[in-house]
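J.: sequence first, predicted model second:
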4 protein chains.
Amino acid sequence: MKKDTAILLVYSKDRPGLVNRITGFIHRYGGNILYLDQHADHEAKDFFMRIEWELEKFTLTGHDIEAKALEEVIRPLEMQYQLYFSSSRPRMAVFVSRHAHCFADILHRYSTGEWQVDIPLVISNHEDMRKQAENYGISYFCLPVTRENKSEQEAAALSLLAEHEVEFIVLARYMQILSPGFVGHYPNRIINIHHSFLPAFPGSNPYRSAADRGVKIIGATSHYVTSDLDAGPIIEQGITRVSHRDTVEDMVRKGRDVERVVLAKAVYQHINRKILVLNNRTVVFE
Amino acid sequence: MKKDTAILLVYSKDRPGLVNRITGFIHRYGGNILYLDQHADHEAKDFFMRIEWELEKFTLTGHDIEAKALEEVIRPLEMQYQLYFSSSRPRMAVFVSRHAHCFADILHRYSTGEWQVDIPLVISNHEDMRKQAENYGISYFCLPVTRENKSEQEAAALSLLAEHEVEFIVLARYMQILSPGFVGHYPNRIINIHHSFLPAFPGSNPYRSAADRGVKIIGATSHYVTSDLDAGPIIEQGITRVSHRDTVEDMVRKGRDVERVVLAKAVYQHINRKILVLNNRTVVFE
Amino acid sequence: MKKDTAILLVYSKDRPGLVNRITGFIHRYGGNILYLDQHADHEAKDFFMRIEWELEKFTLTGHDIEAKALEEVIRPLEMQYQLYFSSSRPRMAVFVSRHAHCFADILHRYSTGEWQVDIPLVISNHEDMRKQAENYGISYFCLPVTRENKSEQEAAALSLLAEHEVEFIVLARYMQILSPGFVGHYPNRIINIHHSFLPAFPGSNPYRSAADRGVKIIGATSHYVTSDLDAGPIIEQGITRVSHRDTVEDMVRKGRDVERVVLAKAVYQHINRKILVLNNRTVVFE
Amino acid sequence: MKKDTAILLVYSKDRPGLVNRITGFIHRYGGNILYLDQHADHEAKDFFMRIEWELEKFTLTGHDIEAKALEEVIRPLEMQYQLYFSSSRPRMAVFVSRHAHCFADILHRYSTGEWQVDIPLVISNHEDMRKQAENYGISYFCLPVTRENKSEQEAAALSLLAEHEVEFIVLARYMQILSPGFVGHYPNRIINIHHSFLPAFPGSNPYRSAADRGVKIIGATSHYVTSDLDAGPIIEQGITRVSHRDTVEDMVRKGRDVERVVLAKAVYQHINRKILVLNNRTVVFE
């Protein structure tokens, strides 16, 4: 049985006493710390922390937790923060196109309970994956995108996401580029998988480019989507070796296994509130 | 310029408030925390912590640091502890036999300043490496070991180590088995490199065994030496791929590159006081 | 469009002229070689070869290919051989228990055409995976095994395998040990995935053993099943890093991703007739 | 004892019968093939082969080997070729600047006989490495390069290389860019190590760029030098993981271990005549 916990992520400029102040707050109200990770970037003077504590004997409850944290720690220390509760499962949407491998992998992890997440809906520009989604009881919406209807379809998607109370989005090899306007609604909450070892080979056809360049290792990169294509904060990367024997098709096949695992690791860390973002870089508390 | 710091490693049974108490101690005397890592094993209820802070504005100095830490934190919380200062470079001995690769690697890292360590002496059962050691100004002692003279030679080695104020020992492919008596003088302070992916292929000729078994990956393991052969706490492991094309000689050659890097990583973590040991397992705060 | 090819695997003791004789045979009848891989073990004097050629302009057809190969090359050179045709898809059975991850992965690769294979049936000792198998049009047979009924159930399985003309079997985390009698029916044709880096941690609960030993890397091993438990010829191995932070449950979760990929690589090589076995070791022509 | 062998590397457009013709030539004169590797790129219709055979019972000797090979195989089949003899050790020059790690590694492999190579001279734009080189009996020439004297110094280097009968050059973190004119003298015979995972981060300061981009994996790339900076045919690549905790200095330190091993693998393959180059890509017969 997993216990009920609270998770606090904070960022501030580094200065003495931060860890002591935050642990003092939790200790004062009887909280038992399960995980504590902190990172101080001494060059940039940035401070990051993730702290998770049990709520069982914690004497604050409900909205008081956030109110007291704000009053006693976050505001006095001028911190940016996110506060989550393990009892509240994040709600995730999946965007998919015609490549099945990442999508099938996500559904498998979802259905076996590997991920503590709810997936209320899938959005696609094709009908291909409808059956798989509906097999798992997930609503499927097909919104084909053309140059002409892109803004309307994105507006429709935003409505569906709001209606289903979606917190974050996973692009499981969704082959459309989202507009900056759309991306702006979900800052650091859209996770993409790019099928290359970024910053090498951004854009389309990276395996073809990799074969043409004759690289000996190919990779995949999961990152948060920003308005710059394939340039958002990197969450996770993975690689596999290739050789002169591998055709582009071989690279596509071998790359799929990397893409799936890299995307899954990124989503897992996001679900478990392990990621902080600053200046287009991530701090991932594994 | 590296700043002067203190490093405190602590272990105790887990209970609420530990991080807060320790950070409170440092904060109280004006210390600025540079690194804080903690690990709680919730199953076994064990708590591990490494904390490093700047001494520049710390109001305690010299022996007072340890005395106050003991009085205010370590004894009240029934902790085991180690306290180090960055100003005091650890003194390391290297034991070597006839395999040059790890030894040459150690000398290179030492001479280029990659490691903040002093190496006052090298002990070997052969003369082969004398010149290399002496080139770097390191004293070299040849103590050939036979079944008959083993205890005397170990006694001689212990004298030399004491005389040179050696804090820890690195076995750089030293092919002799140290007696339990010898090992007992340096608990968790003798680092060995074993040329297999332990617990597979302990003992001698692991590459031959790996070839015979037809494995597709070979490895190396650095561990603290205990009285059980190749069974001490593992610090670091690394691997490389092999195939049916690789002869035993190829594995030896490819394995050398793994051994050197795995041993170097372990020594680096040890020098930087990143390792805690409990129940034959390590906590390594990378 | 994939072209029709023949694949010849041969083994013999090494001696001069083997490649020339075999390529001469193919050349003589107008075959165009697509892939040629050979391996000579100079220590043991063993010779292995895989050669694949196009049948389009090959002037031998049907049974004449094998008859002439035997007459002109294989018998005179005292070779062991296997001859396959790309037009004939191998028929594979999957044995599964209650762990879904490898099984789901296999079904996905099967359904997307990544593997040129037919899967006529699944055999399990539980009902759990019936729906998934039947969704893909695969017959599902539940043969629960107890100490008492093991030999009858194995006989029933053998009947089903024969009836469905199964050529090889994949144990997708099938938790039963097959009897030597059963294994003897499918020599080097039963592929298992073991959830450790063999020869470390054979038998049950390898992740628990890995956590207890404090290893820094865990792995998975696919191998052909022999009558020695977890001691058959290794086809493929993979690894992932772990640390003191990983509980046994974390290792199980991280290990699943390794198991799936390692098993899939082994099956892919088997399907593509890339593997030769001698003296409990494999030659895998990647 | 290593046996005397001949090594023939050939390239031609692919067509039926090539392997048979070449193996026929060797067989006809009593040669025993030790290694045979071939690669056919079916898309581009390119054929590559490396074949190594024992000379002990080979009935051709001296110049007759090349003359007969040309007459009977290479010219009729319109092949490009290189012919080497294991009895003739390649002569290699090392160019070095002030980074010691790759250079020390090369000297170690050279001195222990890991590489079957002669190193008659080292050229550097600094005096720093003179002592190390001379310790191993290698001539050291310091040719400081400025914008003004670059062409003269390159001319001086070319003279020294010719005088020492150097066959290929290794740039062991040599920080100067060689002119196209210089490079033209050693096509596919200058091996560089670049401290990034190309094509990501070409040019200077790749570790700084990697840290700024927030990548989770860093790498190194060895390649043949062409007149395009960091864009020549890739021979080998390697990687290591990094995290938000790694500063640029940490990346430099971790990267050194990757650079050394990646460069050493490339040089090893080059020395053993395992590499063919076509269209800015390599075929490496491991």
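T.: Thanks, I have the structure now. Residues are numbered from 1 along each chain as shown, chains lettered A, B, ... in the order given.

J.: okay, and residue A:215 sits in which element?
T.: In this structure, residue A:215 sits in neither a helix nor a strand according to DSSP states H and E.

J.: show me what contacts it?
T.: Residue A:215 is in contact with A:200, A:242, D:198-199, D:234, D:237, counting by CB atoms under 8 Å, 6 or more residues apart in numbering or on different chains. To be clear about C-beta, it is placed using only N, CA and C from the backbone, and glycine gets the same treatment.

J.: again, 6 Å this time
T.: Residue A:215 makes contact with residue D:234 under the criterion CB atoms under 6 Å, 6 or more residues apart in numbering or on different chains.

J.: residues of stretch A:245-260 that come out buried?
T.: Neighbour counts over stretch A:245-260 (16 or more other CB atoms under 10 Å in any protein chain shown) mark A:246, A:248, A:251-260 as buried.

J.: repeat for stretch A:173-182
T.: Buried-residue list, stretch A:173-182, by 16+ other CB under 10 Å: A:173-174, A:176-178, A:182.

J.: kindly list the longest helix within chain A.
T.: Among the segments of chain A that qualify as a helix by DSSP state H, the longest is helix A:248-271.

J.: which of the buried residues of stretch A:245-260 lies closest to chain B?
T.: Distance to chain B across the buried residues of stretch A:245-260 (CB to the nearest CB) is lowest for residue A:254, with 14.3 Å.

J.: before we move on, back to that, other SSEs contacting the helix or strand following the longest helix of chain A?
T.: Next helix or strand after helix A:248-271 toward the C-terminus (DSSP H and E): strand A:275-278. Counting contacts by 3 or more CB pairs under 6 Å, 6 or more residues apart in numbering or on different chains; DSSP states H and E, strand A:275-278 is packed against strand A:281-284.

J.: in its sheet, what does the strand it packs on sit against?
T.: strand A:275-278 (antiparallel) (DSSP bridges).

J.: now the strand it pairs with - C-alpha only, CSV.
T.: Presented in CSV, the C-alpha positions along strand A:275-278 are these (Å, rounded to 0.1, in the frame of the first residue of the first chain):
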residue,chain,number,x,y,z
ILE,A,275,11.5,17.4,-13.0
LEU,A,276,12.2,21.1,-12.6
VAL,A,277,12.9,23.4,-15.6
LEU,A,278,15.0,26.5,-15.7
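
J.: partners of residue A:41 in the sheet?
T.: Residues in beta-bridge contact with residue A:41 (DSSP bridges): residue A:46.

J.: what is the burial count for it?
T.: 17 (other CB atoms under 10 Å in any protein chain shown).

J.: next: the one 4 residues further on.
T.: Residue neighbour count, defined by other CB under 10 Å, stands at 11 for residue A:45.

J.: ok, residue A:115 next?
T.: Quick note: residue A:115 (other CB under 10 Å) scores 21 neighbours.

J.: related to what we said a few turns ago, wait, does the longest helix of chain A make contact with chain C?
T.: Yes - against chain C, helix A:248-271 shows contacts by CB under 6 Å from any CB of the partner chain at A:257, A:261.

J.: could you do stretch A:218-231 as well?
T.: No - using CB under 6 Å from any CB, stretch A:218-231 never reaches chain C; the gap is at least 13.1 Å.

J.: I'd say residue A:176 and residue A:145 touch.
T.: Yes - proximity of residue A:176 to residue A:145 meets the contact threshold set by CB atoms under 6 Å, at 5.3 Å.
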